[in-house]
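**Q** The following comprises the amino acid sequence and a computationally predicted model.
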Amino acid sequence: QKEVEQDPGPLSVPEGAIVSLNCTYSNSAFQYFMWYRQYSRKGPELLMYTYSSGNKEDGRFTAQVDKSSKYISLFIRDSQPSDSATYLCAMSASGNFNKFYFGSGTKLNVKP
Amino acid sequence: GAVVSQHPSRVICKSGTSVKIECRSLDFQATTMFWYRQFPKQSLMLMATSNEGSKATYEQGVEKDKFLINHASLTLSTLTVTSAHPEDSSFYICSARPHLLAGGTDTQYFGPGTRLTVL
């Protein structure tokens, strides 16, 4: 079983839709949770960072962490064609030298 | 803030030559830098983790003599692909992790990537 599972998609939605992206994980020691956006032929860009459980909102983006279910989500409101990209979740346990674990990425296509 | 640069962005070389890729954290100190490889339409594949002043830790299956990593300072890491062959053609991405004790969040900031083509 992989440490982090993420549906690869592709996920296709119309402009303006609410998008829900999800990851599940197996390691209860994970404390730090991240979402990255990667456009084609570019490096991943950090979108959201969450420590432990709870919600975090930044503009049209909301990150949720449910540690009891080992489940994290990224919601995108009022999706735009410019949101079309691959979204990667990542997580790590506490400590300076622990590894990061990435999901395989979900490809999102927002149609105008 | 939290900008990571990578140079060059694109390189084409002949088979058998060596190529050096630089990764710099521009506005923070990074005790740890990571090197990834990404094939088209695939996710990131971690190649190695380097901590400043110590030898890099390579992932299983990654040849350390072929992919030389030097983490010379808290802001610079280099990856040298030695005796490159066409199968080494790929997108190489570095990332940098701010030091936790300095109040930074435990995350990684990625560079823009380097596209290597070996003819």
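**A** Great, that's in hand.
**Q** and chain A, which residues reach chain B?
**A** A:31-32, A:34, A:36, A:41-46, A:49, A:51, A:88, A:90, A:92, A:94-97, A:99-100, A:102-105 (Cβ under 8 Å from any Cβ of the partner chain). C-betas here are computed from N, CA, C, even on glycine.
**Q** Give the buried subset of these as a PyMOL selection command.
**A** Filtering those down to the buried ones (16 or more other Cβ atoms under 10 Å in any protein chain shown) takes a single PyMOL command:
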select buried, chain A and resi 31+32+34+36+43+44+46+49+88+90+92+100+102+103+104+105
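**Q** So which of the residues of chain A next to chain B are in strands?
**A** Using DSSP state E, the subset of the residues of chain A next to chain B located in strands is A:31-32, A:34, A:36, A:45-46, A:49, A:51, A:88, A:90, A:92, A:100, A:102.
**Q** got those as CSV, with pLDDT columns?
**A** Output for these, formatted as CSV (pLDDT from 0 to 100):
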residue, pLDDT
A:31, 89
A:32, 89
A:34, 94
A:36, 96
A:45, 94
A:46, 93
A:49, 90
A:51, 85
A:88, 96
A:90, 93
A:92, 88
A:100, 87
A:102, 91
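**Q** Greatest separation within these: which pair is it?
**A** Among those, the pair separated by the greatest distance (Cβ to Cβ) is A:31 and A:45, at 22.1 Å.
**Q** looking at chain A, which helix or strand does the model trust least?
**A** Counting by mean pLDDT, DSSP states H and E, the weakest-scoring helix or strand in chain A turns out to be strand A:100-102, with a mean of 89.
**Q** tell me the contacts of the residue in chain B positioned nearest to chain A?
**A** Nearest residue of chain B to chain A (Cβ to the nearest Cβ) works out as residue B:110 at 4.0 Å. Taking Cβ atoms under 8 Å, 6 or more residues apart in numbering or on different chains, we find residue B:110 in contact with A:36, A:43-46, B:4, B:93-95.
**Q** now these as JSON lines including distance to residue A:56?
**A** Output for these, formatted as JSON lines (distance: Cβ to Cβ, whole Å):
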{"residue": "A:36", "distance to residue A:56": "15"}
{"residue": "A:43", "distance to residue A:56": "22"}
{"residue": "A:44", "distance to residue A:56": "18"}
{"residue": "A:45", "distance to residue A:56": "16"}
{"residue": "A:46", "distance to residue A:56": "13"}
{"residue": "B:4", "distance to residue A:56": "22"}
{"residue": "B:93", "distance to residue A:56": "25"}
{"residue": "B:94", "distance to residue A:56": "26"}
{"residue": "B:95", "distance to residue A:56": "21"}
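**Q** just those residues now: which is nearest residue B:35?
**A** Out of the contacts of residue B:110, the member with the shortest distance to residue B:35 (by Cβ to Cβ) is residue B:94, at 5.5 Å.
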